[in-house]
Every structure is written in structure tokens, then in C-alpha cells.
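just the structure for this:
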Amino acid sequence: MNPSATIALLGQPNSGKSTLFNALTGLRQHVGNWPGKTVEKKEGSFSHNGKEYKVADLPGSYSLSANSDEEVITRDYIASGKADVVCILADSSQLQRSLFMLADYAGIEAPCFLLLNMADVARDQGKKIDAKAIESKLGIPVIPFSATDVKSYDDFYKVLDKAINADSQINVSSLAKQYEGIKGYQEIVELIPENAIEGYSPMWLAVKMLENDKVVKAKLRSAIDSNAFKKIESLCAGAQGAVATGGCKFAWIDDVLDSAINEKKETVKLSRLDRIYTSKVWGKPAVILTVLLGLIASFIPALPLMAVGSGVLALKAPVMSGLTSIGCPEILTMIIGDVVIQSFSYIFKMLGFVFGVTLVFGLLEEVGVMARISYVFDNTMCKFGLQGKSVMPFLVSFGCTMGGAAGARVIDNWGQKVLTIALAWAVPCGAAWATIPMLSSIFFGPWAVLIILVILVTMMLHMWMTAKIFGRFLVKTEDRYGMIMELPPYHKPKWGALMRYVFGRTKETFFRVTKVILIVCGLFWALSYSPAGGDGGILYKFGLAIEPVTKIFGMPWQLFLSYVASAVGKEGAIGVISALYTGGSYGSAFTEAMAGAGTASNLSEILLANVTKPEALAFIFAMTFNMPCVVALAATYQETHSVKWTARIVGYYTVVSLLLAFIVYHIGMIIW
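Numbers count the residues shown, from 1 in each chain. The predicted model follows:
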């Protein structure tokens, strides 16, 4: 294998960068965080013609100014020389806007080439782009490209090698002439020596000084003579700053594109669908309806894998029976049946939902609908320190928190992604909504509606409080601003690329979450296991021992153990209550409940005879706002790539759920 080369992918959001990254690297990729930053770092590799390539998918941003951590990380990585070549992607369907990144890049001394991505979309719009004309002006390789079209990649590989071998850099002479019209620019350039800051030209540094880039200013202050720096500061004080430099960049882009694009001039009109999405009255309801329909639709492709999960569970009884008949030790039989088989049943059911959600919402992203969702809810989500895309995981979580966590993968900022997942945990899932009305009706009759309304109000307050607490660490105050975006055109999905992405993410999820679910379910089983088959498990004894403490939160030991069971699966909590109040085994009651076994037929009478209304209220709130389930835990780890943050979210929800139980219990004591 020949020595490797490193490629950095650079582009604005919705430029097709992630599609290219996934197509090149497949499953040979890993995701983490940039050191000390809440910004996601995607790296991968691929081989071509006997040569190994490393790929760094740089954070998507609209420029290379110091407006956010993403932009600073991106430009520092490029200028560091870690990449042998930078692949800059631009959206062919709206070149003038998307080439602003190229204009902001010009002057960074790193070899690059330009991909005019979504060339097929531009063709459908009636645009003809002369890539050679653009190439002659820029001095770097330029090719029309479609990241979703396999046939485009032959040209990509040729241009990649050409750019690396030729050390191709942007011809900035005409851009520099544009800047010369700015008062003070030429004097600033002359005061900055070559290589003052490695990787950046004097032209680029002068422009960033004019734009009052605080990071560049701090670096330049320590890199050049103090008298020269003071002169630069005085020259910048009288300049028009980013307004002037931005005008020069767009003038340069117009010059580059002059005579290179041939298109029919048409009046731009909003489509009928966009008139609905952008409506002040109908926009948000339309988005909510779109997401809910997407959630329902995701169950259709999910059904085959969910059926596999049910099939795996159906094997439990015959496998355990067969192992018992051949004299297998009881504990090993129970581990295989109650831990391994049952865990894989959860895993396949979860994978079905991951597959469905990734496919449906990946399709919405592919055709351009997700950009509309972001646009409509961006202002609202910005108040939480989030972006418009975060509304989708929240709505999906009403069906399944795991789906909400998996849906957060469309958010490119890691800190906002983690915060979105943390807030999604506060949304009661479908399993919780199946339990809440039943328990509320048993204890509170017609007042159950009021209990449900209070839970919804508590959910909103919980999300607000969680955003305040976690947001301080995950999303800086200065990074909380709305998006400036142009809605991309709708376009047909490329099914091949989409399905490769969906199957790749599903496979990656399987390997990541399997160990989490096996460990958590195995640990829960071990703590609840009793050799005699009765109630001698560690968790059972622990519940009895700490009952004086749990009663402070309004839960006797039976309800507290049911609360613990609800962290593995909400559907298991009722089965545990039924067993404990009728004298059954705790461990077997939980596994049977999670497997779909029924509860006692006279459960209402049993509960009313043993549980007071304040205790019932405490349990309902504690169970509802506890950790959603083990598959939501696994999905959270899968998306955050952080044991630390997953553990923090679990600990936080455990504390808050018990605190809520304490509050409503004592309120209930006053009322009843």
C-alpha cells in the first residue's frame, strides 16, 4: 500500500459534504469531538488504486470568520498543514451564495480543489456551468460533481491526485485588487510580514483584521512588532470592516462566474409547499404534521426488523426448556433466556425503529424538507440554545425516546445535539403514555385528565430548566444565534446513496448499542436474581432496606422497585407492581412484563387497597420523568459518543424524577 494522503472536506451546510464523506469512507469512519470543544469531529478513510486516503469532514459553516468554534477549528486545521489537500464543495444550484466560503478561504496557503456539487440539480434548473472557465480564473482544479452519483467519482479521484501533486492554490490576484479599494487595506498588508502566522497570507490576515476577527487579532498581536500592530489597529478603526470586505468577496465571485453560467432568467416564486411552510399561521402546524407523519411512516420500514425482534423473543421459551431438559445449570439457562435472548429482542426492535427513522428523515433531508423544518422552528429553538432541526427529535420522542435520540444525528453541532437529546428525555414516550392514563384513571377517576395536563406542563418546565442547566456547558451564549439561510431547492432523492447511508448507520448502531443493552440488562438481572426463585435478590433486599428513605419521596419499597424497573422499560413497571403486591417474584415479574406478559386481572383493586393517592401521584411523576428505557440509553451513547455525558444525563434525570416525586407527594398529602 502506497503512503497515505489526508483530505479535508470544506463546505457550507447543505453543500453535500456529509454525503461525499459517507460515500468515500462507508463504515471506515469514526466520530468524536475536537479536543476541548463541543464540536463533532468526523474522520474516516478509503483506499483507491493502492493508495490509502484519510478524510476529515470539517464542521459545516458559512464562512471562516471567528463567529463560532466550528469556524475557528476549521480554518486552524486547514492552515496547520495536516491536510494534503482541501476539497471545497459548492452548491451548483446557487453558486454565488455557496462560493462565499471559497472567497473567505482564498489566502490560506493550503492546496485545494473545487467540487461544483449538485450539478444534476443545476441541470434540472436549466443552468449550464462552464467549469473550465471557472478553473482558468481560480487556478485550481474545478469539476462538476454529484455526490449522490457513483459515476461522478472517477473524475473526483483524478482531480484529487492532480490537486495533491500540483500543490494547486487559488489565484488571489484579482481578489487582492478588489481589496485595494478598501481604505487602509494596502497599508495593513505592508505591515504584516510573510509567514507572520503560519498558513495564512498577509492578504488574508489583513482582511480578518479589517473584519475585527478577535482570534486573528490576538494571534497577530503576539506575532509582529508592537508598533506595527498599533498602526494596524489605528488603520482598522476607520475602515468599514466586514461590510467592505464582504462586498469585495461578492464582486470577486461575480467576476469568477462571469460568462461561466448560462441560465434562463426566471422570476423566483415560492412553491405551493413553501408558501405553507413559510406562512406565519400555517408554518409550524405544517412542520409538526410533517414530522408526525414521518414518525408514523418510519414504522413501515421498521416492521421487518421489529418482527425479527419478536421472533427472537419467541425462541426464549423453547430454548430455555431445551436447556433445562439437557441438564443445563439453572443460572446459565436464565442468563441465556432472560438476558441474552431478551436483550437481542430489544436490540432488533430498536434497530427496526432506527432503520425506519434514519430512512424517513434521511429522505426528508435529501429532498430539502429538513431545511424547511429548521427554518420554521429556528427562532423558537434558538431560545433554548438550539437550532430548528431540534424540533424533530422532540416530536419523535412522543412516540419513542430512542427515535428522538437517533433523530438528533441530523444536528451537526455536537453540543446542540447532546442538549437536544437531554431535552428529548423529558418528553414522555409512547410506553409512558400507555401507563400514565391507566394509573391516573384507577386512582383519580375523571380527574385523570387534570393529571395528564399537569404532566404536560411539567414536561415543558422540565425542558426549560434542563436547557438552562445543560446549555451553559454545551452551547456558549455567544453561539446562540439564529441561522441565516437560503432554502435549498427541492430535488429528487438518490436512493442508492441514501440506502448506503441508512444501512451503514443501522449497522454501526447495532455494534455500538449491543454491548450497552447487554451490560445494563445483565446488571439488572443479576441484581434482581434470587437462587430460590423468590424475593431474595440484591435489589429486592436493597429496596426493603432503604424504604425509610424512599417513603420520603412518597414510594414504599414496592413502588420504588417498580420505579427502578421503569428505567429499563416503562412497560415493565406495571408488571412489577402487579407481582409485588400479589406476592410474586420481582426478577421474573420484570422479565415477563418486558416480554409482554399480562398483569393481574384485579390490578385496580390491588392498587386501591395498598397504595394511597399521594403515593400513586408520586410514582406516576417519578416513573414518567425517570430515564426513558435501556434502548434510549443505548441510543444516547450512540449519538453522543460520550460515556461521561450519557452518565450525566442519566444521573440528572434520576435526581429530578425523585425530586418531582417528593414535591407532588407532599402536595398530594395536603390535598388528600
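
so the residue nearest to G471 when sequence neighbours are not counted, which of the three states?
Excluding the flanking residues, the one nearest G471 by Cβ to Cβ, 6 or more residues apart in numbering is G385, at 4.3 Å. Quick note: C-beta positions are derived from backbone N, CA and C, even for glycine. In three-state terms, and counting by DSSP: H, G, I helix; E, B strand; the rest coil, G385 is coil.

what's the helix of greatest length in the chain packed up against?
As assigned by DSSP state H, the longest helix anywhere in the chain is helix 495-528. Applying 3 or more Cβ pairs under 8 Å, 6 or more residues apart in numbering; DSSP states H and E, one finds that helix 495-528 contacts helix 17-25, helix 342-367, helix 538-545, helix 586-594, helix 630-640.

may I see the buried residues of it?
497-498, 500-502, 504-506, 508-510, 513-514, 516-518, 520-521, 524-525, 527-528 (16 or more other Cβ atoms under 10 Å).

tilt between that helix and helix 342-367?
Angle, helix 495-528 to helix 342-367, by axes from the mean of the first three to the mean of the last three Cα atoms, to 10 degrees: 150 degrees.

by how many degrees do helix 495-528 and helix 17-25 diverge?
80 degrees.

please renumber the chain so that the first residue is 592 from this point on.
All right, first residue 592 from here; so that's helix 1086-1119.

I'd like the distance from helix 1086-1119 to the chain centre, please.
Helix 1086-1119 sits 16 Å away from the centroid of its parent chain (Cα atoms, centre = their mean, to the nearest Å).

rewinding a little: take the helices and strands packed on helix 1086-1119 and write them to a markdown table, including distance to I755, mean neighbour count and mean pLDDT.
Formatted as a markdown table, the helices and strands packed on helix 1086-1119 follow (distance: least, Cβ to Cβ, whole Å; neighbours: other Cβ atoms under 10 Å; pLDDT from 0 to 100):
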| stretch | distance to I755 | mean neighbour count | mean pLDDT |
| --- | --- | --- | --- |
| helix 608-616 | 15 | 23 | 86 |
| helix 933-958 | 30 | 23 | 82 |
| helix 1129-1136 | 60 | 17 | 79 |
| helix 1177-1185 | 55 | 24 | 59 |
| helix 1221-1231 | 34 | 26 | 87 |
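
pull the CA atoms of stretch 868-888 into PDB?
Extracted in PDB, the C-alpha atoms of stretch 868-888 (Å, rounded to 0.1, in the frame of the first residue of the first chain):
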ATOM      1  CA  TYR A 868     -44.000  26.200   5.300                       C
ATOM      2  CA  THR A 869     -43.100  29.900   5.400                       C
ATOM      3  CA  SER A 870     -46.600  31.100   6.500                       C
ATOM      4  CA  LYS A 871     -46.700  32.700   9.900                       C
ATOM      5  CA  VAL A 872     -50.000  31.000  10.600                       C
ATOM      6  CA  TRP A 873     -49.600  27.600   9.000                       C
ATOM      7  CA  GLY A 874     -45.800  27.100   9.000                       C
ATOM      8  CA  LYS A 875     -45.400  25.500  12.400                       C
ATOM      9  CA  PRO A 876     -48.500  23.300  12.200                       C
ATOM     10  CA  ALA A 877     -47.300  22.100   8.800                       C
ATOM     11  CA  VAL A 878     -43.900  21.200  10.200                       C
ATOM     12  CA  ILE A 879     -45.400  19.400  13.200                       C
ATOM     13  CA  LEU A 880     -47.700  17.400  10.800                       C
ATOM     14  CA  THR A 881     -44.800  16.600   8.500                       C
ATOM     15  CA  VAL A 882     -42.700  15.200  11.400                       C
ATOM     16  CA  LEU A 883     -45.600  13.300  12.900                       C
ATOM     17  CA  LEU A 884     -46.400  11.700   9.500                       C
ATOM     18  CA  GLY A 885     -42.700  10.900   9.100                       C
ATOM     19  CA  LEU A 886     -42.800   9.200  12.500                       C
ATOM     20  CA  ILE A 887     -45.800   7.100  11.500                       C
ATOM     21  CA  ALA A 888     -44.200   6.300   8.100                       C
END
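
residues in contact with that stretch?
Stretch 868-888 is contacted from outside by 861, 867, 947-948, 951-952, 955, 960, 963-964, 966-968, 971, 982-983, 986-987, 990, 994, using Cβ atoms under 8 Å, 6 or more residues apart in numbering.

repeat that for 10 Å
With contacts defined as Cβ atoms under 10 Å, 6 or more residues apart in numbering, stretch 868-888 is touched by 861-862, 864-867, 944, 947-948, 950-952, 954-955, 960-968, 971, 979, 982-991, 994-995, 998, 1078.

in that stretch, what counts as buried?
Using 16+ other Cβ under 10 Å as the test for burial, stretch 868-888 gives Y868, G874, A877, V878, I879, T881, V882, G885, L886, A888.

for those, work out which two are farthest apart.
Greatest spatial distance among the buried residues of stretch 868-888 (Cβ to Cβ): G874 and A888, at 21.0 Å.

where in this structure is the helix or strand with the lowest mean pLDDT?
Across the helices and strands of the chain, mean confidence by mean pLDDT, DSSP states H and E is lowest for helix 1177-1185: a mean of 59.

after it, next one along is what?
Moving toward the C-terminus from helix 1177-1185, the next helix or strand (DSSP states H and E) is helix 1194-1201.

who does that next one touch, helix- and strand-wise?
Applying 3 or more Cβ pairs under 10 Å, 6 or more residues apart in numbering; DSSP states H and E, we find helix 1194-1201 packed against helix 1021-1035, helix 1148-1157, helix 1161-1173, helix 1204-1215.

can you map out the helices along the stretch 742-891 of the chain?
744-757, 764-770, 776-782, 793-801, 805-814, 817-828, 833-848, 863-868, 874-905 (DSSP state H, counting those that start in this stretch).
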